[in-house]
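J.: take this sequence and fold it.
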Amino acid sequence: MKQMMHRIIRLFIGVFLYAVGIVLTINANLGLAPWDVFHQGLTHLISITMGQASIAVGIILVIFNSVLGERLGWGTLCNMLFIGLFIDLIMLNHLIPICKGVIPGTIMMVLGMTFIGVASYFYIGAGLGSGPRDGLMIAITKKTSKSVRFVRNGIELTALVVGYILGGYAGVGTLIMAVTLGYIIQFVFKILRFDVSSIKHRFIDEDVKNLKEKLVNSFS
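T.: Sure thing, here's the model as predicted:
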């Protein structure tokens with residue numbers, strides 16, 4: 001129980017920091033990350049908040065990933081729900097200012113990507129499953145046998161193009177984040193000496209199976 005509580009705390013620290021990182025990149029005002037261009041496009045289409053758009057897309061991806069056979073963790077569901085809630089909490093209460101200039105905007109954007117890197121360290125390290133968007137990348141990679149880089153770039157390019165058509169804001173920051181975010185996350189992992197391959201995730205189906213076994217044993 002103590003170990004599980006530690007995982008849950010680590011997960012929520014990661015989810016909150018991820019939301020902070022996303023809002024920093026949004027309020028840098030230099031162009032949104034590819035997925036956020038899509039989320040903003042949805043806000044124009046159906047008049048919802050950025051956080052609600054993130055949650056809606058997450059729900060669809062979780063269902064799609066399940067159909068493709070990708071296993072879900074409690075962290076997958078928390079990522080799907082709470083990042084969106086935290087984004088709205090931060091943005092609707094204006095907790096992070098919107099930048100007006102290129103230099104402060106660039107600094108804020110880099111800071112946001114760094115936050116996302118640190119957040120990934122916390123939430124992936126919790127070992128409770130990948131987020132919906134990462135799960136989509138993993139599922140398609142398994143089905144197509146294409147490289148992770150090819151699949152990820154294809155997914156993000158699709159999200160960017162569709163979002164832009166719907167009215168999402170793409171700018172020079174979009175290009176910078178598309179090119180550098182992976183390197184920044186990798187750099188953060190190196191600084192924190194975090195090996196992603198060493199993490200053994202705990203999935204919902206395993207917990208359900210264990211619970212059933214305990215109930216059967218308790219009544220036998």
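J.: which residues does residue 187 contact?
T.: Contact analysis of residue 187 by C-beta atoms under 8 Å, 6 or more residues apart in numbering lists residue 117. Every C-beta, even on glycine, is put in place using the N, C-alpha and C of the backbone.
J.: tell me the SS of it?
T.: Residue 187 falls in the helix class when you classify it by DSSP: H, G, I helix; E, B strand; the rest coil.
J.: how far away is it from residue 115?
T.: Separation of residue 187 from residue 115 (C-beta to C-beta, to the nearest Å): 13 Å.
J.: equivalent analysis for residue 72, please.
T.: 25 Å.
J.: between the two, which is the more surrounded one?
T.: More crowded of residue 72 and residue 115, by other C-beta atoms under 10 Å: residue 115, with 22 against 19.
J.: element containing that one, please.
T.: Per DSSP states H and E: residue 115 is located in helix 102-125.
J.: next structured bit after that helix?
T.: Later in the chain than helix 102-125, the nearest helix or strand by DSSP H and E is helix 132-144.
J.: what's the closest non-adjacent residue to the most centrally placed residue in the chain?
T.: Centroid-nearest residue in the chain, with C-alpha atoms, centre = their mean: residue 131, separated by 5.5 Å. Leaving aside its sequence neighbours, residue 131 sits nearest to residue 79 (C-beta to C-beta, 6 or more residues apart in numbering; 3.9 Å).
J.: can you get me a residue count around that neighbour?
T.: Residue 79 has 27 nearby residues by other C-beta under 10 Å.
J.: how far away is it from residue 55?
T.: For residue 79 relative to residue 55 (C-beta to C-beta), the value is 10 Å.
J.: give me the distance from the helix holding residue 115 to the chain's centre.
T.: Helix 102-125 sits 12 Å away from the centroid of its parent chain (C-alpha atoms, centre = their mean, to the nearest Å).
J.: now the chain, which segments are flagged as low pLDDT?
T.: 220 (pLDDT under 70).
J.: re earlier: so the residue nearest to the centre of the chain sits against residue 123, correct?
T.: Yes - between residue 131 and residue 123 there is a contact under C-beta atoms under 8 Å: 7.4 Å.
J.: intersection of neighbour lists for those two?
T.: Overlap of the contact sets of residue 131 and residue 123 (by C-beta under 8 Å, 6+ apart) consists of 75, 79.
J.: which SS state does residue 209 fall under?
T.: Of the three states, residue 209 takes helix under three-state DSSP.
J.: mind listing the helices for the protein?
T.: Taking DSSP state H, the helices of the chain run over residues 2-27, 34-46, 50-67, 74-92, 102-125, 132-144, 148-165, 172-191, 204-219.
J.: same list (those) but as TSV, adding distance to residue 198.
T.: As requested, those are exported to TSV (distance: least, C-beta to C-beta, whole Å):
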stretch	distance to residue 198
helix 2-27	15
helix 34-46	27
helix 50-67	23
helix 74-92	16
helix 102-125	9
helix 132-144	17
helix 148-165	18
helix 172-191	11
helix 204-219	19
